[in-house]
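3D model of this:
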Amino acid sequence: MAARKPLVEAPSVKRVRDLWAWIPAFKAVAESEHLPTAAARLHVSASALSRTVRLLEDAVGQPLFVRAGRRISLNAAGRKLLLAVQRATITLEQALPQVLGEVHEGELRIGSLGVLTDRFVVPAALDLAAKHPGVVPALTTLQSREANRQIAAGELDVAFFYDPTVHEGVRCRRLGALGNAVYCGQGHPLFGARDVPAERILEHPFSVAAVGDRGTRMDGFPVETKRRIGFQITMLSSNEVVALSGRYVCVLPEVVAAPHVAAGRLFRLDGLPQPPTEVFAATAEQSEGQALTEALVADVARRLAPPRRARR
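Numbering: from 1, shown residues only. Now for the predicted structure:
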């Protein structure tokens, strides 16, 4: 019987294996773009780290950095590889607890905005933390552009905002919508007036929200309709306080205004109908199916859904 020949590793397999060995060094240098900082993080010398990066570049057959004196920065190929490495890291970090059967613990990094945060995301995050005591929701206020950047970089797990954005490595999905209307508070000339036409409402100054990433006011007021601006705020939720002052007309989400309308503190002006504000959730493309993130997204969507009317 002829002796069995020893297995010979295919060149492509060896190449991939070597690449994986050099990836941690590349990731540290690419994220800091500073060799001494990356070397300190990995507890190696800067010269050794530089040699490892050169080996990786030789293996892939092209430079990954632009070098100018002591400065080092990613080129286009380097940025593409870093994004792929960050995505793979996210997938691994999210999969390990499920594969190993571990209890969920650690930070769940969440981005959100004013009304969404207070009325929907925080309540959903509180419920999630109650079910998983080891999870620490970490909320921060972010508009869509910065939220997407952080998700793609692995710095954020999920974000909720109002823009149907497109960003490489990010999955954006519609969750629902917030109904909006025009309101004024006690003491305003229109408070309690019935059947007020749009023309008369527009004679009064509005308090308006900041311009969002789409280049329009974040209160969703139609851009083709001209209005007088008497007050400007950064966050849409601040308009609740301004409206209650009775000095300005404001566009508010119905969920925010409803308790004040019921208590007689705000009055709804139906002569100037407002479009709804759509709400979106963004996650990393590779995180689809990750249990905690998906549970939070589903709960926020449930809270956004209009209540079902009872059948007679």
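
quick one: the strands in the protein?
Counting by DSSP state E, residue ranges of the strands within the chain are 65-68, 71-74, 106-112, 135-141, 158-161, 170-178, 180-185, 206-208, 229-232, 249-253, 266-269, 277-284.

just send the ones you listed back as JSON lines, with mean neighbour count and mean pLDDT too.
(C-beta placed from N, C-alpha, C; glycine too.) As requested, the strands of the chain are arranged in JSON lines below (neighbours: other CB atoms under 10 Å; pLDDT from 0 to 100):
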{"stretch": "strand 65-68", "mean neighbour count": "13", "mean pLDDT": "89"}
{"stretch": "strand 71-74", "mean neighbour count": "16", "mean pLDDT": "88"}
{"stretch": "strand 106-112", "mean neighbour count": "20", "mean pLDDT": "91"}
{"stretch": "strand 135-141", "mean neighbour count": "15", "mean pLDDT": "93"}
{"stretch": "strand 158-161", "mean neighbour count": "26", "mean pLDDT": "95"}
{"stretch": "strand 170-178", "mean neighbour count": "17", "mean pLDDT": "92"}
{"stretch": "strand 180-185", "mean neighbour count": "24", "mean pLDDT": "96"}
{"stretch": "strand 206-208", "mean neighbour count": "23", "mean pLDDT": "94"}
{"stretch": "strand 229-232", "mean neighbour count": "14", "mean pLDDT": "94"}
{"stretch": "strand 249-253", "mean neighbour count": "27", "mean pLDDT": "95"}
{"stretch": "strand 266-269", "mean neighbour count": "22", "mean pLDDT": "97"}
{"stretch": "strand 277-284", "mean neighbour count": "21", "mean pLDDT": "92"}
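
tell me the contacts of the most centrally placed residue in the chain?
Per CA atoms, centre = their mean, the C-alpha nearest to the average position across the chain is that of residue 159, at 2.6 Å. Residue 159 makes contacts with 110-112, 142, 144, 147-148, 150-151, 281-283, as judged by CB atoms under 8 Å, 6 or more residues apart in numbering.

could you redo the last one with a cut-off of 7 Å?
For residue 159, the contacting residues are 111-112, 142, 147, 151, 282, by CB atoms under 7 Å, 6 or more residues apart in numbering.

how about the residues you listed in JSON lines, adding distance to residue 120?
As requested, the contacts of residue 159 are exported to JSON lines (distance: CB to CB, whole Å):
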{"residue": "111", "distance to residue 120": "13"}
{"residue": "112", "distance to residue 120": "8"}
{"residue": "142", "distance to residue 120": "15"}
{"residue": "147", "distance to residue 120": "16"}
{"residue": "151", "distance to residue 120": "19"}
{"residue": "282", "distance to residue 120": "15"}
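
which of those residues sits closest to residue 86?
Nearest to residue 86, judged by CB to CB, of the contacts of residue 159 is residue 151 at 10.0 Å.

hmm, back to that, which two of the contacts of residue 159 have the greatest separation?
Comparing all pairs in the contacts of residue 159 by CB to CB, the longest separation belongs to 112 and 151, at 12.8 Å.

okay, domains of this protein per the record?
15-74, 102-171+285-304, 180-275 (automatic domain parsing).

format those as CSV; extra columns: distance to residue 88.
CSV is the format used below for the domains of the chain (distance: least, CB to CB, whole Å):
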stretch, distance to residue 88
domain 15-74, 9
domain 102-171+285-304, 8
domain 180-275, 28
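
quick one: contacts for the spatially closest residue to residue 228 that is not a sequence neighbour?
The shortest distance from residue 228 to any non-neighbouring residue, by CB to CB, 6 or more residues apart in numbering, is to residue 205 (4.5 Å). Contacts for residue 205 (CB under 7 Å, 6+ apart) come out as 228-230, 248.

do the same with residue 284
When contacts are taken as CB under 7 Å, 6+ apart, residue 284 is in contact with 87, 90, 151, 169-170.

lowest-scoring secondary structure element of this protein by mean pLDDT?
The helix or strand of the chain with the lowest confidence, counting by mean pLDDT, DSSP states H and E, is helix 76-100 at a mean of 73.

can you map out the helices along this structure?
Using DSSP state H, the helices of the chain run over residues 11-32, 35-42, 46-60, 76-100, 114-116, 122-131, 144-152, 198-201, 239-244, 254-262, 291-304.

of all those helices, which lies closest to residue 218?
helix 114-116 (8.6 Å).

avg pLDDT for that closest one?
What helix 114-116 shows for mean pLDDT is 87.

list the contacts of that helix.
Helix 114-116 is contacted from outside by 160, 235-237, 253, 256, 279, using CB under 7 Å, 6+ apart.

again, 8 Å this time
For helix 114-116, the surrounding residues in contact (CB under 8 Å, 6+ apart) are 141, 160-162, 178, 235-238, 253, 255-256, 279, 300.

same question, stretch 67-86
With contacts defined as CB under 8 Å, 6+ apart, stretch 67-86 is touched by 23, 26-27, 29-31, 33-35, 60, 62-66, 152-154, 168-169.

then stretch 217-232?
Residues beyond stretch 217-232 that count as contacts (CB under 8 Å, 6+ apart) turn out to be 113, 162, 180, 198, 202-212, 216, 236, 239, 242, 247-248, 250-252, 272, 274-277.
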